[in-house]
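Participant: generate a structure from the sequence data that follows.
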Amino acid sequence: MLRVLILSAFLLLSCNPKAQDSQKSGEALTVEFSLPKKLKEVSGITLSKDKKTIWAIEDQGNKNVIYGLDRQGKQIADVLVENAENHDWEDITTDAQGNIYIGDFGNNNNDRRNLSILKVDLKDASQKSTNVTQTTTYHYEGQTAFPPKKSHWLYDCEAFVEKDGYFYLFTKNRSKGFDGTFLVFQVPNKAGDFEAKLIATLKLQGGYSDAAITSAAINSRNQVVLLTHKNVYVLSSLFDKNFETAVIQKTPLNHNSQKEAVVYLDDRTLLIADEKDGKEGGNVYKFSF
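Facilitator: Predicted coordinates:
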């Protein structure tokens with residue numbers, strides 16, 4: 001019987017490519033500050049290169065504005081993106097040079113055909129407006145129906161990072177019969193229209209709040225953190241051996257809310273933001289491994 005249980009556990013933790021899932025505890029999630037009242041639906045955060053400014057965006061139905069906050073949570077900038085619409089901005093990230101990108105790829109119904117990543121000319125909090133200087137549009141390898149059958153709604157996305165001239169997108173599973181599966185796609189960081197290349201099919205354990213991915217970030221060790229409502233998952237070795245191997249480490253946050261945004265403050269510390277829901281949420285939290 002024990003042998004059967006061990007085999008079952010191994011099968012649950014395995015996927016294509018091979019993934020190893022372990023669990024580790026972290027420090028308590030602590031509130032850094034409450035978000036300004038006008039920011040009720042924050043969907044992504046990133047840091048300026050000097051780490052003094054937190055840049056935040058909101059998702060569908062909100063303005064085409066990037067908001068700047070200081071490290072104490074005071075709103076210091078409203079930067080209008082003049083030549084772009086907010087179809088469904090779901091994450092924001094930076095590259096190693098400090099360039100800022102917005103993921104306009106929210107796709108709740110898996111039927112969008114205008115998915116894009118926008119590079120913006122954003123230097124500091126003194127700006128009143130900015131422009132998109134590069135537009136990357138794409139479609140997903142393997143998606144042939146818009147939408148596909150509900151059992152294969154794997155083409156929503158709320159999470160991405162940039163590394164070495166490529167974007168890496170981590171999809172949010174909205175399938176009927178949710179099982180934690182998500183896809184990893186690669187898109188060139190350049191202007192143009194591309195097919196997003198499927199590089200990995202991975203799986204997280206648990207239900208929707210445990211395993212539906214809402215944001216991502218990358219640190220200097222090339223460790224990618226994936227955020228869900230209840231957990232963070234660190235992916236190591238994702239970029240090794242042509243994406244054949246990924247080691248996934250789960251860390252429970254011991255806190256359930258609509259967490260939508262994450263960024264590395266340093267290699268072992270995260271800032272996490274959640275949406276306001278009644279009297280709950282609407283905060284930026286600090287979490288250390």
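Participant: ranges for the strands of the stretch 51-200 of the chain?
Facilitator: Assigned by DSSP state E, counting those that start in this stretch, the stretch 51-200 of the chain shows strands spanning 53-58, 65-70, 75-81, 89-94, 100-104, 115-120, 129-130, 132-140, 156-163, 166-172, 181-188, 192-203.
Participant: how about the ones you listed in TSV, adding distance to residue 256 and mean pLDDT?
Facilitator: For every residue, glycine as well, the C-beta is placed using N, CA and C. Output for the strands of the stretch 51-200 of the chain, formatted as TSV (distance: least, C-beta to C-beta, whole Å; pLDDT from 0 to 100):
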stretch	distance to residue 256	mean pLDDT
strand 53-58	21	98
strand 65-70	24	98
strand 75-81	27	98
strand 89-94	20	98
strand 100-104	24	98
strand 115-120	29	98
strand 129-130	35	98
strand 132-140	30	98
strand 156-163	17	98
strand 166-172	17	98
strand 181-188	20	98
strand 192-203	21	97
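Participant: and these as CSV, adding distance to residue 42?
Facilitator: Listed next are these as CSV, based on distance: least, C-beta to C-beta, whole Å:
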stretch, distance to residue 42
strand 53-58, 5
strand 65-70, 8
strand 75-81, 12
strand 89-94, 10
strand 100-104, 13
strand 115-120, 17
strand 129-130, 19
strand 132-140, 21
strand 156-163, 12
strand 166-172, 16
strand 181-188, 22
strand 192-203, 25
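Participant: ok, which of the ones you listed comes nearest residue 260?
Facilitator: When the strands of the stretch 51-200 of the chain are compared by C-beta to C-beta, strand 156-163 sits nearest residue 260, at 7.2 Å.
Participant: sheet partners, orientation included, of the closest one?
Facilitator: strand 166-172 (antiparallel) (DSSP bridges).
Participant: give me the contacts around the partner strand.
Facilitator: 101, 103, 105, 117, 136, 154-162, 182-189, 196, 199, 212-214, 216, 224, 226, 238 (C-beta atoms under 8 Å, 6 or more residues apart in numbering).
Participant: any quick PyMOL command for the buried ones out of the residues you listed?
Facilitator: Selection of the buried residues among the contacts of strand 166-172 in PyMOL, burial being defined by 16 or more other C-beta atoms under 10 Å:
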select buried, resi 101+103+105+117+136+154+155+156+157+158+159+160+161+162+182+183+184+185+186+187+189+196+199+212+213+214+216+224+226+238
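Participant: let me see the mean pLDDT of whichever strand or helix holds residue 217.
Facilitator: Using DSSP states H and E, residue 217 sits in strand 215-218. On average, the pLDDT along strand 215-218 is 98.
Participant: is residue 277 in contact with residue 258, as I believe?
Facilitator: Yes. In this structure, residue 277 is within contact of residue 258 by C-beta atoms under 8 Å, at 6.0 Å.
Participant: neighbour-wise, which of these two wins?
Facilitator: residue 258 (17 against 11; other C-beta atoms under 10 Å).
Participant: how much space separates the nearest residue to the more buried one once chain neighbours are set aside from residue 206?
Facilitator: Nearest residue to residue 258 in three dimensions, chain neighbours excluded: residue 275, at 4.4 Å (C-beta to C-beta, 6 or more residues apart in numbering). To residue 206, residue 275 is 20 Å away according to C-beta to C-beta, to the nearest Å.
Participant: same thing with residue 270?
Facilitator: From residue 270 to residue 206 the distance is 19 Å (C-beta to C-beta).
Participant: please apply the same query to residue 50.
Facilitator: 37 Å.
Participant: so the two - more neighbours on which side?
Facilitator: More crowded of residue 50 and residue 206, by other C-beta under 10 Å: residue 206, with 16 against 8.
Participant: rewinding a little: alpha carbons of the strand holding residue 217, as CSV, please.
Facilitator: What follows is strand 215-218, C-alpha atoms only, in CSV (Å, rounded to 0.1, in the frame of the first residue of the first chain):
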residue,chain,number,x,y,z
SER,A,215,1.4,37.5,-11.7
ALA,A,216,5.1,36.6,-12.1
ALA,A,217,8.5,38.1,-11.5
ILE,A,218,12.1,37.2,-12.0
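Participant: show me what it is packed up against.
Facilitator: strand 42-47, strand 89-94, strand 156-163, strand 224-227, strand 259-266 (3 or more C-beta pairs under 8 Å, 6 or more residues apart in numbering; DSSP states H and E).
Participant: output the ones you listed as TSV; include the columns distance to residue 283.
Facilitator: Output for the helices and strands packed on strand 215-218, formatted as TSV (distance: least, C-beta to C-beta, whole Å):
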stretch	distance to residue 283
strand 42-47	10
strand 89-94	18
strand 156-163	19
strand 224-227	14
strand 259-266	10
